[in-house]
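Asks: Here is a sequence with its predicted model. Questions after.
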Amino acid sequence: MDSSAANQATPISLLTGFLGSGKTTVLNYLLQQPDLARTAVIINEFGAIGLDHELVEATTENMVLLQSGCLCCTIRGDLVETLHDLMERKDQAGFLAFDRVFIETTGLADPAPILHTLITDKVLKHAFYLDGVITTIDAASGSQTLDAQEEAVKQAAVADRLVLTKTDLVDAQTIQTLETRLRDLNPSAPILRAHNGALDTASILNAGFDNLANKSVDVQNWLNAEAYQDLKQQHHEKGGHNHDHHCHGHDHHHDDHEHDHDHDPNRHDDRITAVSYSLDEPISAAKFESWLEKLVLACGPDLLRLKAIVHVEGVPKPFVIHGVQHIFHPPMPLMDWPENDRQSRIVVIGRDISNDFLKESFGILDLASSLATADGQHQEPAQIKHQRGIVT
Ligand SMILES: Nc1nc2c(ncn2[C@@H]2O[C@H](COP(=O)(O)OP(=O)(O)OP(=O)(O)O)[C@@H](O)[C@H]2O)c(=O)[nH]1
(Lines give C-alpha, C1' and ligand atoms only; values in the text may rest on other atoms or scores of the structure.)
Protein backbone atom coordinates (compact mmCIF):
# COMPACT_ATOMS: atom_id res chain seq x y z
CA MET A 1 0.00 0.00 0.00
CA ASP A 2 1.39 3.42 -0.77
CA SER A 3 1.62 6.00 1.93
CA SER A 4 -1.38 8.06 0.86
CA ALA A 5 -3.58 4.97 0.71
CA ALA A 6 -2.32 3.91 4.10
CA ASN A 7 -3.27 7.28 5.52
CA GLN A 8 -6.87 6.86 4.39
CA ALA A 9 -7.29 3.19 5.12
CA THR A 10 -8.76 1.87 8.35
CA PRO A 11 -6.43 0.11 10.77
CA ILE A 12 -7.17 -3.45 11.81
CA SER A 13 -5.85 -4.84 15.07
CA LEU A 14 -5.81 -8.61 15.30
CA LEU A 15 -6.39 -9.74 18.87
CA THR A 16 -5.39 -13.31 19.45
CA GLY A 17 -4.30 -15.48 22.36
CA PHE A 18 -4.99 -18.95 23.63
CA LEU A 19 -8.36 -20.09 24.98
CA GLY A 20 -9.29 -18.22 28.11
CA SER A 21 -6.18 -16.04 28.05
CA GLY A 22 -8.23 -12.88 28.46
CA LYS A 23 -8.88 -11.61 24.94
CA THR A 24 -12.49 -10.63 25.54
CA THR A 25 -11.66 -9.03 28.87
CA VAL A 26 -9.00 -6.89 27.19
CA LEU A 27 -11.33 -6.07 24.31
CA ASN A 28 -14.12 -5.01 26.64
CA TYR A 29 -11.77 -2.68 28.42
CA LEU A 30 -10.44 -1.23 25.18
CA LEU A 31 -13.88 -0.56 23.78
CA GLN A 32 -14.67 1.62 26.76
CA GLN A 33 -11.70 3.88 26.09
CA PRO A 34 -12.33 7.20 24.31
CA ASP A 35 -9.58 6.48 21.77
CA LEU A 36 -11.44 3.40 20.66
CA ALA A 37 -14.99 4.66 20.80
CA ARG A 38 -15.33 4.33 17.03
CA THR A 39 -14.24 0.73 16.73
CA ALA A 40 -15.95 -2.01 14.77
CA VAL A 41 -15.43 -5.45 16.27
CA ILE A 42 -15.41 -8.82 14.58
CA ILE A 43 -15.49 -11.69 17.00
CA ASN A 44 -14.83 -15.22 15.92
CA GLU A 45 -16.01 -17.96 18.22
CA PHE A 46 -16.33 -21.66 17.78
CA GLY A 47 -20.06 -22.20 17.77
CA ALA A 48 -21.90 -25.48 18.00
CA ILE A 49 -23.98 -24.43 15.03
CA GLY A 50 -23.10 -25.23 11.45
CA LEU A 51 -21.71 -23.00 8.76
CA ASP A 52 -24.39 -20.70 7.49
CA HIS A 53 -24.25 -17.22 6.10
CA GLU A 54 -27.06 -16.30 8.42
CA LEU A 55 -24.63 -16.77 11.28
CA VAL A 56 -22.93 -13.50 10.56
CA GLU A 57 -25.02 -11.38 12.82
CA ALA A 58 -24.67 -7.99 14.31
CA THR A 59 -24.83 -8.26 18.07
CA THR A 60 -24.43 -4.56 18.58
CA GLU A 61 -24.25 -1.84 16.02
CA ASN A 62 -20.53 -2.22 15.57
CA MET A 63 -20.07 -5.85 16.42
CA VAL A 64 -20.15 -8.79 14.06
CA LEU A 65 -20.01 -12.34 15.30
CA LEU A 66 -18.45 -14.98 13.09
CA GLN A 67 -19.54 -18.09 14.83
CA SER A 68 -19.32 -20.99 12.47
CA GLY A 69 -15.78 -22.15 12.65
CA CYS A 70 -12.31 -20.85 13.02
CA LEU A 71 -11.21 -17.79 11.09
CA CYS A 72 -7.88 -19.34 10.31
CA CYS A 73 -9.37 -22.36 8.59
CA THR A 74 -13.01 -22.74 7.69
CA ILE A 75 -14.35 -19.24 7.50
CA ARG A 76 -11.64 -17.03 6.15
CA GLY A 77 -13.99 -16.18 3.30
CA ASP A 78 -16.51 -14.97 5.84
CA LEU A 79 -13.95 -12.61 7.29
CA VAL A 80 -13.32 -11.11 3.88
CA GLU A 81 -17.04 -10.80 3.25
CA THR A 82 -17.61 -9.23 6.64
CA LEU A 83 -14.88 -6.68 6.09
CA HIS A 84 -16.21 -5.89 2.62
CA ASP A 85 -19.59 -5.45 4.16
CA LEU A 86 -18.30 -3.20 6.91
CA MET A 87 -16.48 -1.15 4.33
CA GLU A 88 -19.61 -0.64 2.25
CA ARG A 89 -21.80 0.14 5.20
CA LYS A 90 -19.26 2.49 6.67
CA ASP A 91 -20.13 5.05 4.07
CA GLN A 92 -23.87 4.73 4.46
CA ALA A 93 -25.30 7.65 6.35
CA GLY A 94 -26.48 6.85 9.82
CA PHE A 95 -24.90 3.45 9.87
CA LEU A 96 -21.68 2.13 11.27
CA ALA A 97 -19.30 4.84 12.29
CA PHE A 98 -15.87 3.41 12.84
CA ASP A 99 -12.31 4.33 12.24
CA ARG A 100 -10.71 1.14 13.51
CA VAL A 101 -11.47 -2.57 13.44
CA PHE A 102 -10.62 -5.14 16.06
CA ILE A 103 -10.75 -8.80 15.12
CA GLU A 104 -10.80 -11.22 18.03
CA THR A 105 -9.84 -14.72 16.95
CA THR A 106 -10.74 -17.98 18.60
CA GLY A 107 -8.25 -19.21 21.15
CA LEU A 108 -7.09 -21.95 18.82
CA ALA A 109 -6.55 -19.79 15.79
CA ASP A 110 -3.34 -19.86 13.84
CA PRO A 111 -2.81 -16.15 13.18
CA ALA A 112 -0.70 -16.63 10.05
CA PRO A 113 -3.50 -17.55 7.62
CA ILE A 114 -5.60 -14.70 8.98
CA LEU A 115 -2.75 -12.27 8.36
CA HIS A 116 -2.53 -13.75 4.88
CA THR A 117 -6.14 -13.02 4.23
CA LEU A 118 -5.84 -9.47 5.42
CA ILE A 119 -2.79 -8.85 3.30
CA THR A 120 -3.89 -10.51 0.09
CA ASP A 121 -7.47 -9.54 -0.56
CA LYS A 122 -7.38 -7.10 -3.45
CA VAL A 123 -10.24 -4.94 -2.28
CA LEU A 124 -9.48 -5.06 1.42
CA LYS A 125 -5.93 -3.96 1.06
CA HIS A 126 -7.06 -0.59 -0.21
CA ALA A 127 -9.57 -0.07 2.53
CA PHE A 128 -7.79 -1.56 5.54
CA TYR A 129 -4.30 -2.07 6.83
CA LEU A 130 -3.00 -4.32 9.52
CA ASP A 131 -2.11 -2.27 12.53
CA GLY A 132 -0.63 -5.13 14.46
CA VAL A 133 -1.11 -8.46 16.13
CA ILE A 134 -1.86 -8.33 19.84
CA THR A 135 -1.50 -11.61 21.69
CA THR A 136 -2.77 -12.22 25.20
CA ILE A 137 -0.88 -14.67 27.40
CA ASP A 138 -2.32 -15.95 30.64
CA ALA A 139 0.37 -15.43 33.29
CA ALA A 140 -1.03 -18.26 35.37
CA SER A 141 -1.23 -20.97 32.74
CA GLY A 142 0.92 -19.45 29.98
CA SER A 143 3.94 -21.70 30.45
CA GLN A 144 1.92 -24.91 30.42
CA THR A 145 -0.05 -23.69 27.43
CA LEU A 146 3.12 -22.90 25.52
CA ASP A 147 4.42 -26.37 26.37
CA ALA A 148 1.31 -28.10 25.18
CA GLN A 149 -0.15 -25.97 22.40
CA GLU A 150 1.73 -25.23 19.27
CA GLU A 151 -0.78 -22.60 18.16
CA ALA A 152 -0.18 -20.66 21.37
CA VAL A 153 3.52 -20.55 20.52
CA LYS A 154 2.74 -19.27 17.03
CA GLN A 155 0.37 -16.67 18.42
CA ALA A 156 3.15 -15.38 20.67
CA ALA A 157 5.84 -15.60 18.00
CA VAL A 158 4.06 -13.41 15.46
CA ALA A 159 2.78 -10.79 17.89
CA ASP A 160 3.56 -7.11 17.65
CA ARG A 161 2.46 -6.72 21.24
CA LEU A 162 2.38 -9.41 23.92
CA VAL A 163 -0.12 -8.79 26.71
CA LEU A 164 0.31 -10.68 29.97
CA THR A 165 -3.01 -11.17 31.71
CA LYS A 166 -3.93 -12.49 35.17
CA THR A 167 -0.65 -11.36 36.68
CA ASP A 168 -2.62 -10.87 39.91
CA LEU A 169 -2.88 -14.65 40.21
CA VAL A 170 0.84 -15.46 40.24
CA ASP A 171 4.04 -14.44 41.98
CA ALA A 172 6.73 -12.20 40.53
CA GLN A 173 9.05 -15.11 39.80
CA THR A 174 6.44 -16.87 37.66
CA ILE A 175 5.89 -13.69 35.69
CA GLN A 176 9.60 -13.18 35.20
CA THR A 177 10.12 -16.75 34.00
CA LEU A 178 7.28 -16.42 31.52
CA GLU A 179 8.55 -13.04 30.31
CA THR A 180 12.00 -14.51 29.73
CA ARG A 181 10.48 -17.29 27.70
CA LEU A 182 8.40 -14.86 25.68
CA ARG A 183 11.46 -12.70 25.02
CA ASP A 184 13.24 -15.73 23.59
CA LEU A 185 10.26 -16.51 21.44
CA ASN A 186 9.64 -13.01 20.24
CA PRO A 187 12.37 -10.54 21.13
CA SER A 188 10.88 -7.56 19.37
CA ALA A 189 7.33 -7.40 20.74
CA PRO A 190 6.96 -5.25 23.84
CA ILE A 191 5.46 -7.21 26.75
CA LEU A 192 2.60 -5.32 28.39
CA ARG A 193 0.44 -6.26 31.34
CA ALA A 194 -3.33 -6.11 31.58
CA HIS A 195 -5.04 -6.16 34.95
CA ASN A 196 -8.52 -7.49 34.41
CA GLY A 197 -8.26 -6.21 30.89
CA ALA A 198 -6.97 -2.75 31.77
CA LEU A 199 -3.89 -1.69 29.87
CA ASP A 200 -2.33 1.35 28.32
CA THR A 201 -4.40 1.79 25.18
CA ALA A 202 -1.82 3.87 23.35
CA SER A 203 0.75 1.14 23.73
CA ILE A 204 -1.21 -1.34 21.65
CA LEU A 205 -2.23 1.00 18.87
CA ASN A 206 -0.05 1.88 15.88
CA ALA A 207 1.83 -1.36 16.35
CA GLY A 208 2.05 -2.17 12.67
CA PHE A 209 4.04 -0.81 9.80
CA ASP A 210 1.60 0.46 7.19
CA ASN A 211 1.01 3.65 9.06
CA LEU A 212 4.71 4.39 9.25
CA ALA A 213 5.08 6.06 5.92
CA ASN A 214 5.57 9.53 7.29
CA LYS A 215 6.90 8.60 10.67
CA SER A 216 10.27 7.13 9.98
CA VAL A 217 11.24 7.06 13.60
CA ASP A 218 8.48 4.55 14.37
CA VAL A 219 9.93 2.00 12.04
CA GLN A 220 12.58 1.33 14.63
CA ASN A 221 9.94 0.42 17.17
CA TRP A 222 8.19 -1.73 14.65
CA LEU A 223 11.33 -3.62 13.70
CA ASN A 224 12.97 -3.44 17.12
CA ALA A 225 15.95 -5.32 15.76
CA GLU A 226 18.01 -4.08 18.69
CA ALA A 227 16.01 -6.35 20.97
CA TYR A 228 17.70 -9.34 19.38
CA GLN A 229 21.09 -7.91 20.22
CA ASP A 230 20.02 -7.09 23.78
CA LEU A 231 18.80 -10.60 24.26
CA LYS A 232 21.99 -12.05 22.90
CA GLN A 233 23.92 -9.90 25.35
CA GLN A 234 21.77 -11.09 28.24
CA HIS A 235 22.36 -14.70 27.32
CA HIS A 236 26.09 -14.12 27.29
CA GLU A 237 25.98 -12.36 30.63
CA LYS A 238 24.07 -15.27 32.11
CA GLY A 239 26.90 -17.54 31.13
CA GLY A 240 25.88 -19.29 27.98
CA HIS A 241 24.21 -22.54 27.33
CA ASN A 242 23.28 -25.42 29.49
CA HIS A 243 22.46 -27.96 26.91
CA ASP A 244 22.45 -28.83 23.32
CA HIS A 245 19.49 -28.96 21.06
CA HIS A 246 20.51 -32.39 19.82
CA CYS A 247 19.05 -33.73 23.04
CA HIS A 248 15.54 -32.50 22.40
CA GLY A 249 14.37 -35.21 20.10
CA HIS A 250 12.68 -32.88 17.66
CA ASP A 251 12.76 -33.88 14.07
CA HIS A 252 13.89 -30.56 12.78
CA HIS A 253 17.04 -28.74 11.90
CA HIS A 254 17.89 -26.51 14.82
CA ASP A 255 20.92 -28.57 15.60
CA ASP A 256 22.85 -25.60 16.90
CA HIS A 257 19.93 -23.90 18.52
CA GLU A 258 20.56 -23.76 22.22
CA HIS A 259 18.91 -22.25 25.24
CA ASP A 260 20.30 -21.45 28.63
CA HIS A 261 17.25 -22.35 30.63
CA ASP A 262 15.69 -25.62 31.61
CA HIS A 263 12.81 -26.80 29.55
CA ASP A 264 10.75 -29.68 28.53
CA PRO A 265 11.85 -31.63 25.46
CA ASN A 266 8.47 -31.19 23.87
CA ARG A 267 8.33 -27.45 24.07
CA HIS A 268 7.14 -25.96 20.86
CA ASP A 269 9.24 -22.86 21.47
CA ASP A 270 12.25 -24.77 20.29
CA ARG A 271 10.81 -24.92 16.82
CA ILE A 272 10.66 -21.14 16.62
CA THR A 273 13.63 -19.18 15.36
CA ALA A 274 13.71 -15.41 15.81
CA VAL A 275 16.66 -13.82 14.10
CA SER A 276 17.72 -10.36 13.16
CA TYR A 277 20.33 -9.49 10.61
CA SER A 278 21.87 -6.18 9.69
CA LEU A 279 23.96 -5.06 6.79
CA ASP A 280 25.84 -1.79 6.52
CA GLU A 281 26.22 -1.75 2.75
CA PRO A 282 23.29 -1.09 0.39
CA ILE A 283 21.77 -4.25 -1.06
CA SER A 284 21.25 -4.76 -4.77
CA ALA A 285 17.53 -4.99 -5.50
CA ALA A 286 17.98 -8.06 -7.70
CA LYS A 287 19.94 -9.94 -5.06
CA PHE A 288 17.47 -9.00 -2.36
CA GLU A 289 14.60 -10.28 -4.46
CA SER A 290 16.46 -13.47 -5.22
CA TRP A 291 17.28 -13.95 -1.53
CA LEU A 292 13.66 -13.41 -0.56
CA GLU A 293 12.41 -15.76 -3.23
CA LYS A 294 14.74 -18.52 -2.08
CA LEU A 295 13.80 -17.99 1.54
CA VAL A 296 10.10 -18.08 0.79
CA LEU A 297 10.45 -21.14 -1.40
CA ALA A 298 12.49 -23.02 1.17
CA CYS A 299 10.44 -22.07 4.21
CA GLY A 300 6.89 -21.91 2.87
CA PRO A 301 4.36 -21.66 5.68
CA ASP A 302 7.13 -21.91 8.26
CA LEU A 303 8.18 -18.37 7.50
CA LEU A 304 5.87 -16.95 10.14
CA ARG A 305 6.85 -13.31 9.74
CA LEU A 306 9.48 -11.27 8.04
CA LYS A 307 9.99 -7.59 8.65
CA ALA A 308 12.71 -5.53 7.07
CA ILE A 309 13.92 -2.04 6.42
CA VAL A 310 16.19 -2.20 3.44
CA HIS A 311 18.76 0.13 1.95
CA VAL A 312 18.48 -0.69 -1.73
CA GLU A 313 21.47 0.22 -3.85
CA GLY A 314 20.99 3.49 -5.67
CA VAL A 315 17.81 4.38 -3.76
CA PRO A 316 18.21 7.02 -1.07
CA LYS A 317 14.99 6.23 0.78
CA PRO A 318 14.54 3.08 2.83
CA PHE A 319 12.04 0.41 1.88
CA VAL A 320 9.90 -1.44 4.36
CA ILE A 321 9.15 -5.07 3.60
CA HIS A 322 6.63 -7.10 5.50
CA GLY A 323 5.61 -10.67 4.86
CA VAL A 324 3.75 -13.60 6.31
CA GLN A 325 4.51 -17.05 4.93
CA HIS A 326 4.78 -16.56 1.16
CA ILE A 327 2.72 -13.39 1.02
CA PHE A 328 4.48 -10.05 0.98
CA HIS A 329 3.19 -6.52 0.98
CA PRO A 330 4.60 -4.51 -1.88
CA PRO A 331 7.77 -2.82 -0.64
CA MET A 332 6.82 0.52 0.86
CA PRO A 333 9.19 3.50 0.64
CA LEU A 334 9.58 5.52 3.81
CA MET A 335 9.98 9.26 3.79
CA ASP A 336 13.40 9.02 5.31
CA TRP A 337 15.78 6.91 7.31
CA PRO A 338 15.30 6.72 11.05
CA GLU A 339 17.90 8.96 12.64
CA ASN A 340 20.14 8.87 9.56
CA ASP A 341 20.92 5.26 10.21
CA ARG A 342 21.20 3.69 6.79
CA GLN A 343 21.70 0.14 7.86
CA SER A 344 19.42 -2.52 6.39
CA ARG A 345 17.80 -4.62 9.05
CA ILE A 346 15.87 -7.83 8.62
CA VAL A 347 13.91 -9.72 11.24
CA VAL A 348 12.86 -13.29 10.49
CA ILE A 349 10.53 -15.31 12.69
CA GLY A 350 10.19 -18.85 11.53
CA ARG A 351 9.34 -22.35 12.57
CA ASP A 352 11.66 -25.30 11.99
CA ILE A 353 14.11 -23.10 10.12
CA SER A 354 17.67 -24.04 10.94
CA ASN A 355 20.17 -21.45 11.95
CA ASP A 356 22.65 -22.85 9.43
CA PHE A 357 20.13 -22.38 6.68
CA LEU A 358 19.54 -18.78 7.73
CA LYS A 359 23.25 -18.04 7.96
CA GLU A 360 23.74 -19.45 4.50
CA SER A 361 20.74 -17.56 3.25
CA PHE A 362 21.91 -14.24 4.70
CA GLY A 363 25.24 -14.95 3.02
CA ILE A 364 23.52 -14.37 -0.31
CA LEU A 365 22.89 -10.78 0.72
CA ASP A 366 26.46 -10.32 1.79
CA LEU A 367 27.60 -11.64 -1.56
CA ALA A 368 25.14 -9.28 -3.15
CA SER A 369 26.89 -6.24 -1.85
CA SER A 370 30.39 -7.58 -2.45
CA LEU A 371 29.51 -8.18 -6.09
CA ALA A 372 27.65 -5.00 -6.65
CA THR A 373 30.41 -2.47 -7.07
CA ALA A 374 29.79 0.14 -9.69
CA ASP A 375 33.38 0.12 -10.94
CA GLY A 376 33.78 -3.64 -11.00
CA GLN A 377 36.48 -3.51 -8.31
CA HIS A 378 36.52 -6.07 -5.58
CA GLN A 379 34.76 -4.79 -2.54
CA GLU A 380 35.28 -6.05 0.96
CA PRO A 381 32.26 -8.01 2.11
CA ALA A 382 29.87 -5.87 4.03
CA GLN A 383 29.82 -6.25 7.74
CA ILE A 384 27.51 -9.08 8.64
CA LYS A 385 25.83 -9.25 11.95
CA HIS A 386 23.86 -12.34 12.66
CA GLN A 387 21.92 -11.71 15.78
CA ARG A 388 19.83 -14.55 16.95
CA GLY A 389 17.10 -14.21 19.47
CA ILE A 390 18.67 -17.19 21.14
CA VAL A 391 22.42 -17.27 21.36
CA THR A 392 24.27 -19.97 19.54
N1 LIG B 1 -7.87 -12.78 37.92
C2 LIG B 1 -7.92 -12.36 36.67
N3 LIG B 1 -8.81 -12.90 35.83
C4 LIG B 1 -8.85 -12.46 34.55
C5 LIG B 1 -7.98 -11.44 34.07
N6 LIG B 1 -8.22 -11.24 32.78
C7 LIG B 1 -9.22 -12.09 32.43
N8 LIG B 1 -9.60 -12.83 33.50
C9 LIG B 1 -10.62 -13.87 33.56
O10 LIG B 1 -10.24 -14.95 32.73
C11 LIG B 1 -11.38 -15.58 32.19
C12 LIG B 1 -11.20 -15.70 30.69
O13 LIG B 1 -11.18 -14.40 30.14
P14 LIG B 1 -11.72 -14.08 28.69
O15 LIG B 1 -11.51 -12.64 28.49
O16 LIG B 1 -13.09 -14.62 28.49
O17 LIG B 1 -10.71 -14.93 27.84
P18 LIG B 1 -10.76 -15.20 26.26
O19 LIG B 1 -9.35 -15.31 25.83
O20 LIG B 1 -11.61 -14.22 25.60
O21 LIG B 1 -11.45 -16.62 26.27
P22 LIG B 1 -11.97 -17.47 24.99
O23 LIG B 1 -12.77 -16.53 24.14
O24 LIG B 1 -12.77 -18.54 25.61
O25 LIG B 1 -10.75 -18.00 24.34
C26 LIG B 1 -12.56 -14.73 32.58
O27 LIG B 1 -13.17 -15.32 33.68
C28 LIG B 1 -11.95 -13.40 32.98
O29 LIG B 1 -12.70 -12.72 33.95
C30 LIG B 1 -7.04 -10.87 35.02
O31 LIG B 1 -6.22 -9.99 34.70
N32 LIG B 1 -7.07 -11.37 36.28
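Replies: In hand now; what should we look at?

Asks: helix or strand right after the strand or helix carrying Leu15?
Replies: Take DSSP states H and E as the rule and Leu15 turns out to sit in strand 10-17. Next along the chain after strand 10-17, taking DSSP H and E as the criterion, comes helix 23-31.

Asks: and that next one, does that touch the ligand?
Replies: Yes: applying CB under 6 Å from any ligand atom, one finds helix 23-31 touching the ligand at 23-25. Quick note: C-beta positions are derived from backbone N, CA and C, even for glycine.

Asks: on that earlier part again, now do the strand holding Leu15 against helix 23-31, angle only.
Replies: Angle of strand 10-17 versus helix 23-31, following axes from the mean of the first three to the mean of the last three CA atoms, to 10 degrees, is 150 degrees.

Asks: model confidence over stretch 192-202, on average?
Replies: The pLDDT scores in stretch 192-202 average 93.

Asks: ah, wrong one, I meant stretch 169-179
Replies: Per-residue pLDDT over stretch 169-179 has a mean of 95.

Asks: Buried by neighbour count: which residues of it qualify?
Replies: 170, 175, 178-179 (16 or more other CB atoms under 10 Å).

Asks: Make sure Ser276 is actually in contact with Ile346.
Replies: Yes: Ser276 lies in contact with Ile346 (CB atoms under 8 Å); the separation is 6.8 Å.

Asks: okay, those two: which has more neighbours?
Replies: Counted by other CB atoms under 10 Å, Ser276 and Ile346 do not tie: Ser276 has more neighbours, with 27 against 24.

Asks: And the more buried one, how far from the ligand?
Replies: Using CB to the nearest ligand atom, to the nearest Å, we find Ser276 at a distance of 30 Å from the ligand.

Asks: what residue ranges in this protein score low on pLDDT?
Replies: The model of the chain has pLDDT under 70 over residues 1-7, 45-77, 91-96, 208-269, 325-327, 338-340, 367-392.

Asks: where does it come near the ligand, residue by residue?
Replies: Contact residues, the chain versus the ligand (CB under 6 Å from any ligand atom): 17, 19-25, 107, 165-166, 168-169, 194-197.

Asks: From these, keep the buried residues only.
Replies: The neighbour count (16+ other CB under 10 Å) marks 17, 20-25, 107, 165-166, 194, 197 as buried among these.

Asks: quick one, what contacts Val348?
Replies: Contact analysis of Val348 by CB atoms under 8 Å, 6 or more residues apart in numbering lists 273-277, 295, 303, 305-306, 358.

Asks: The same query, at a cut-off of 10 Å, please.
Replies: 273-277, 295, 299, 303-308, 323, 358, 361-362, 389 (CB atoms under 10 Å, 6 or more residues apart in numbering).

Asks: Give the other helices and strands that the strand or helix carrying Gln173 contacts.
Replies: Per DSSP H and E, Gln173 falls inside helix 172-185. On a contact count with 3 or more CB pairs under 10 Å, 6 or more residues apart in numbering; DSSP states H and E, helix 172-185 meets strand 128-138, helix 142-148, helix 150-157, strand 161-165, strand 191-194, helix 226-237, strand 272-279.

Asks: Tell me the buried residues in the second one?
Replies: Same thing as helix 142-148. Neighbour-count burial for helix 142-148 [16+ other CB under 10 Å]: 142-143, 145-147.

Asks: Could you list every helix and strand in contact with that helix?
Replies: strand 128-138, helix 150-157, strand 161-165, helix 172-185.

Asks: Any chance you could list what contacts it?
Replies: 17-21, 107, 136-138, 141, 151-153, 155-156, 162, 164-166, 170, 174-175, 177-179, 181-182, 185, 263-264, 266-269.

Asks: before we move on, back to that, got the angle between the strand holding Leu15 and strand 128-138?
Replies: Going by the same axes, to 10 degrees, strand 10-17 is angled at 20 degrees with respect to strand 128-138.

Asks: residues contacting Leu182?
Replies: Neighbour list for Leu182: 135, 137, 142-143, 146, 156-157, 159, 162, 164, 189, 191, 269 [criterion: CB under 10 Å, 6+ apart].

Asks: Done for today, thanks.
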